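Enquirer: Predicted model, plus sequence, below.
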Amino acid sequence: MPAREYAGGQIVADQPPLRSSDSESSTDVRVRGLARRAWSSPTLIGLVACLALGFISAFTLPTLPSYDPFAWVVWGWELAHHVIGPHEPLITGGGPSWKPFPVIFTTLFGFFGSAAPKLWVGLARAGGFFGLFAAYRLGSRLATSERWRLAGPIAGVLAVLGVFLTSEWTHYMWRGTSEPMVVTATLFAIERHLAGHRRTAFLSGVALALMRPEAGLFVGLYALWLFFKDSRLSTRLILVAGILAIPVGWFVPPWIASGEPLLSSQHALLYNGQLGAHPELTVLKRATNLSVWPVMIGALAVTLLAIRKRDWLIVSLAAAGLAYVAVVEAMTADGYPGLERFMLPAAAVAAVLAGVAVVRFALLAGGGLGSLAVAVVLVAIAVPFFAGRVSAAGPEMRITHRAVSIYNQMVAAVHAAGGTKAVFPCPSSRAAVNHSVQTSLAWALRVPLTHVFTVTKVDTTMRHPSLAFFAPRNPINGGAPTKLDFGLRGQLIARAGIWKVIRVTRPGDTVVNACVGR
């Protein structure tokens with residue numbers, strides 16, 4: 001647009017400005033600006049990269065869900081078929097406890113047929129990778145110092161190592177469990193809060209509470225604080241919807257499926273956590289087993305230093321981790337199993353604090369090469385404690401490859417037995433299998449979990465006529481149905497790999513036997 005310059009530097013246009021109809025609207029400009037900022041966001045870039053890594057690994061490396069994730073895949077398939085038409089009902093009994101967050105995704109994956117297990121594992125691995133990203137961002141944010149430009153990156157990398165070395169983290173990643181996602185939701189919620197994105201922090205907390213019910217207490221307290229802190233209507237609607245989603249997710253689907261809204265709680269109460277004579281002490285021991293000792297010592301040391309320096313952010317994070325362990329202790333006293341993985345949020349926080357600890361103590365050397373030397377020495381002292389965890393991570397690919405091979409042989413055994421229709425000639429027909437692969441057999445047969453019986457670790461006796469899929473006991477299959485009771489008789493009808501298919505019947509009972517697979 002032509003213009004003239006007058007005395008005093010004033011600029012006057014020769015033509016009037018274009019009308020809004022002749023130029024981009026301010027809304028379009030705003031939207032494009034938001035899009036540019038979003039796509040340049042490190043968080044979004046990190047998320048996209050982690051999703052790519054997760055799904056590429058799932059479709060190129062040995063991939064098979066473990067017991068619980070296969071149950072979520074089965075439930076997701078049932079829900080997907082509810083949407084398509086009146087096919088299989090949703091039955092949440094017969095397997096592990098219901099877990100709402102994973103089933104949201106396995107329901108979507110249920111529309112993709114046989115790809116559903118790999119799609120879920122891909123997403124779970126992506127969630128685990130994003131947890132490492134969140135650990136780096138949080139550790140770096142807490143430790144950044146003007147005196148030493150390497151402070152943030154070093155703390156971030158050490159936080160990532162601390163998470164990686166958490167007990168069985170690599171196993172959880174390979175087999176598609178929700179535990180890496182639990183770590184991710186915990187650390188991402190804290191990091192987003194510190195970055196000022198409190199609604200995102202809350203939603204991440206809701207995701208955590210839909211995987212670990214004890215986290216609901218902390219999410220509820222945060223929601224209450226944010227409700228009064230942020231008076232915007234949109235924020236308060238998000239808070240109300242998020243809080244309502246937690247009980248709805250946990251209680252409504254089991255209620256609809258079984259008539260019992262507390263079914264997940266009942267399953268958890270029945271689970272044998274092997275807590276011994278002193279459950280509370282066992283839980284504390286398990287909490288310490290989650291991380292290597294240098295991580296716990298570092299987290300404690302930086303907390304004590306923070307108390308001295310009145311760094312209440314570090315103190316608050318440490319207190320929150322301890323409070324989480326205390327909640328698990330209280331639930332254990334109430335009869336719940338108190339497993340190690342229940343306390344992963346506390347272990348994740350400890351891993352980040354340990355990374356911050358190395359940097360905080362290294363900074364006592366004044367920054368620069370002196371601080372770098374101190375950090376190297378502190379990490380070197382801890383290396384021997386890391387060796388066991390690193391060596392344990394190595395065999396996971398080989399173990400998963402074996403699990404895939406055993407599963408493929410089981411599928412072959414299903415085909416050798418005539419397929420699902422031959423295995424289940426009647427609505428009352430049942431199959432039986434080794435206890436650790438019940439859910440994967442249910443998926444191979446595309447039937448509810450209640451259609452597949454399993455033996456326990458202690459009692460391997462079969463007491464009902466059924467078609468039994470038998471394989472020798474190993475760490476992947478678990479115990480097999482090896483004993484027959486009440487006069488039952490077994491007849492071998494098919495083989496495939498390590499699997500035998502045995503028709504178990506009750507002599508003389510022609511009505512019942514007619515419903516046992518061919």
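Expert: On my side now, so go ahead.

Enquirer: what packs against the host helix or strand of residue 390?
Expert: If you go by DSSP states H and E, residue 390 is part of helix 368-393. With contacts defined as 3 or more C-beta pairs under 8 Å, 6 or more residues apart in numbering; DSSP states H and E, helix 368-393 has these neighbours: helix 151-164, helix 169-175, helix 293-309, helix 344-362. No exception for glycine: its C-beta is placed from N, CA and C like everyone else's.

Enquirer: for those helices, which one sits closest to residue 448?
Expert: With C-beta to C-beta as the criterion, residue 448 lies closest to helix 169-175 of the helices and strands packed on helix 368-393, at 22.1 Å.

Enquirer: What residues of the closest one count as buried?
Expert: Neighbour-count burial for helix 169-175, with 16 or more other C-beta atoms under 10 Å as criterion, is recorded at 169, 170, 171, 172, 173, 174, 175.

Enquirer: And stretch 383-397, by the same measure?
Expert: Counting neighbours by 16+ other C-beta under 10 Å, one finds that the buried residues in stretch 383-397 are 386, 389, 393, 396.

Enquirer: closest to residue 511 among these?
Expert: Of all those, residue 396 has the smallest distance to residue 511: 47.9 Å, by C-beta to C-beta.

Enquirer: residue contacts, the closest one?
Expert: Listed by C-beta atoms under 8 Å, 6 or more residues apart in numbering, the contact partners of residue 396 are 170, 171, 173, 174.

Enquirer: Tabulate the buried residues of stretch 383-397 (a markdown table), appending distance to residue 498 and pLDDT.
Expert: Output for the buried residues of stretch 383-397, formatted as a markdown table (distance: C-beta to C-beta, whole Å; pLDDT from 0 to 100):
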| residue | distance to residue 498 | pLDDT |
| --- | --- | --- |
| 386 | 36 | 85 |
| 389 | 31 | 81 |
| 393 | 27 | 75 |
| 396 | 21 | 84 |
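
Enquirer: At which residues are the helices of the stretch 351-500 of the chain located?
Expert: 368-393, 396-416, 420-423, 438-445 (DSSP state H, counting those that start in this stretch).

Enquirer: pLDDT score assigned to residue 509?
Expert: With respect to pLDDT, residue 509 has a value of 84.

Enquirer: no no, residue 515
Expert: 89.

Enquirer: how many neighbours does the closest residue to it other than its chain neighbours have?
Expert: Ranked by C-beta to C-beta, 6 or more residues apart in numbering and with sequence neighbours excluded, the top spatial neighbour of residue 515 is residue 426, at 3.6 Å. Residue 426: 12 surrounding residues under other C-beta atoms under 10 Å.

Enquirer: where's residue 426 relative to residue 387, distance?
Expert: When C-beta to C-beta, to the nearest Å is the yardstick, residue 426 and residue 387 sit 56 Å from each other.

Enquirer: And residue 226, by the same measure?
Expert: On the measure of C-beta to C-beta, residue 226 and residue 387 end up 43 Å apart.

Enquirer: just for the chain, where's the confidence low?
Expert: 1-39, 83-89, 268-276, 457-459 (pLDDT under 70).

Enquirer: which residues does residue 416 contact?
Expert: The contact partners of residue 416, by C-beta under 8 Å, 6+ apart, come to 494, 495, 496, 501.

Enquirer: Just among those, which is most surrounded?
Expert: With neighbours set by other C-beta under 10 Å, the maximum within these is found at residue 501, which has 24 neighbours.

Enquirer: Nearest spatial neighbour of that one, chain-adjacent residues omitted?
Expert: In space, not counting the residues next to it along the chain, residue 501 is nearest to residue 494; the distance is 4.0 Å by C-beta to C-beta, 6+ apart.

Enquirer: Quick check: that neighbour touching residue 413?
Expert: Yes - A contact is recorded between residue 494 and residue 413 when judged using C-beta atoms under 8 Å, the distance being 6.3 Å.

Enquirer: who touches both of the two?
Expert: With C-beta under 8 Å, 6+ apart applied, the overlap between the contact sets of residue 494 and residue 413 consists of 500, 501.

Enquirer: List the buried residues in stretch 130-147.
Expert: Of the residues in stretch 130-147, those buried by neighbour count under the rule 16+ other C-beta under 10 Å are 130-143, 145.

Enquirer: tell me the two of these that are most distant?
Expert: Taking every pair in these and measuring C-beta to C-beta, the maximum separation is 26.0 Å, between 130 and 145.

Enquirer: taking the buried residues of stretch 130-147 one by one, which sit in helices?
Expert: Counting by DSSP state H, the part of those found in helices is 130-143.

Enquirer: what would the residues you listed look like in CSV with distance to residue 74?
Expert: Listed next are these as CSV, based on distance: C-beta to C-beta, whole Å:
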residue, distance to residue 74
130, 26
131, 26
132, 29
133, 31
134, 30
135, 32
136, 35
137, 35
138, 35
139, 38
140, 40
141, 40
142, 41
143, 44
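
Enquirer: which of those residues lies closest to residue 98?
Expert: Within these, the smallest distance to residue 98 is 23.2 Å, found for residue 131 (C-beta to C-beta).

Enquirer: Can you tell me the closest non-neighbouring residue to that closest one?
Expert: residue 184 (3.4 Å).

Enquirer: Contacts only, for the one you found.
Expert: Counted by C-beta under 8 Å, 6+ apart, residue 184 has contacts 127, 128, 130, 131, 134.

Enquirer: any idea how far residue 345 is from it?
Expert: Going from residue 184 to residue 345 by C-beta to C-beta gives 10 Å.

Enquirer: Same question for residue 250.
Expert: As for residue 250, its distance to residue 345 is 17 Å (criterion: C-beta to C-beta).

Enquirer: what's near enough to touch the closest residue to residue 141 other than its chain neighbours?
Expert: Excluding the flanking residues, the one nearest residue 141 by C-beta to C-beta, 6+ apart is residue 194, at 5.8 Å. By C-beta under 8 Å, 6+ apart, the contact set of residue 194 is 138, 141, 142, 313.

Enquirer: Let me see the ranges of the helices in the stretch 151-300 of the chain.
Expert: Taking DSSP H, counting those that start in this stretch as the criterion, the stretch 151-300 of the chain contains helices spanning 151-164, 169-175, 179-194, 198-209, 216-229, 233-258, 263-270, 279-290, 293-309.

Enquirer: now the angle between helix 233-258 and the fifth one, please.
Expert: In terms of direction (axes from the mean of the first three to the mean of the last three C-alpha atoms, to 10 degrees), helix 216-229 departs from helix 233-258 by 150 degrees.

Enquirer: gap between stretch 129-141 and the chain center?
Expert: For stretch 129-141, the distance from its own C-alpha centre to the chain's C-alpha centre is 16 Å (C-alpha atoms, centre = their mean, to the nearest Å).

Enquirer: Pretty sure residue 203 sits against residue 245.
Expert: No - applying C-beta under 8 Å, one finds residue 203 not in contact with residue 245, separated by 9.7 Å.

Enquirer: And those two? Which one has more around it.
Expert: Relative neighbour count places residue 203 above the other of residue 203 and residue 245, with 21 against 17, counting by other C-beta under 10 Å.

Enquirer: Give me the nearest residue to the more buried one, chain neighbours excluded.
Expert: With C-beta to C-beta, 6+ apart as the criterion, residue 203 has its nearest non-adjacent residue at 6.3 Å, and that residue is residue 242.

Enquirer: for that neighbour, what are its contacts?
Expert: When contacts are counted by C-beta under 8 Å, 6+ apart, residue 242 touches 202, 203, 205, 206, 219, 223.

Enquirer: Pull out the buried positions in stretch 228-235.
Expert: Here stretch 228-235 shows 230, 235 as buried, counting by 16+ other C-beta under 10 Å.

Enquirer: From one end of that stretch to the other, what's the distance?
Expert: Across stretch 228-235, the terminal residues are separated by 10 Å (C-alpha to C-alpha, to the nearest Å).

Enquirer: and residue 222, how many neighbours does it have?
Expert: Here the neighbour count serves as a burial measure; for residue 222 (other C-beta under 10 Å) it reads 19.

Enquirer: Tell me the secondary structure at residue 92.
Expert: On the three-state scheme (DSSP: H, G, I helix; E, B strand; the rest coil), residue 92 is labelled coil.
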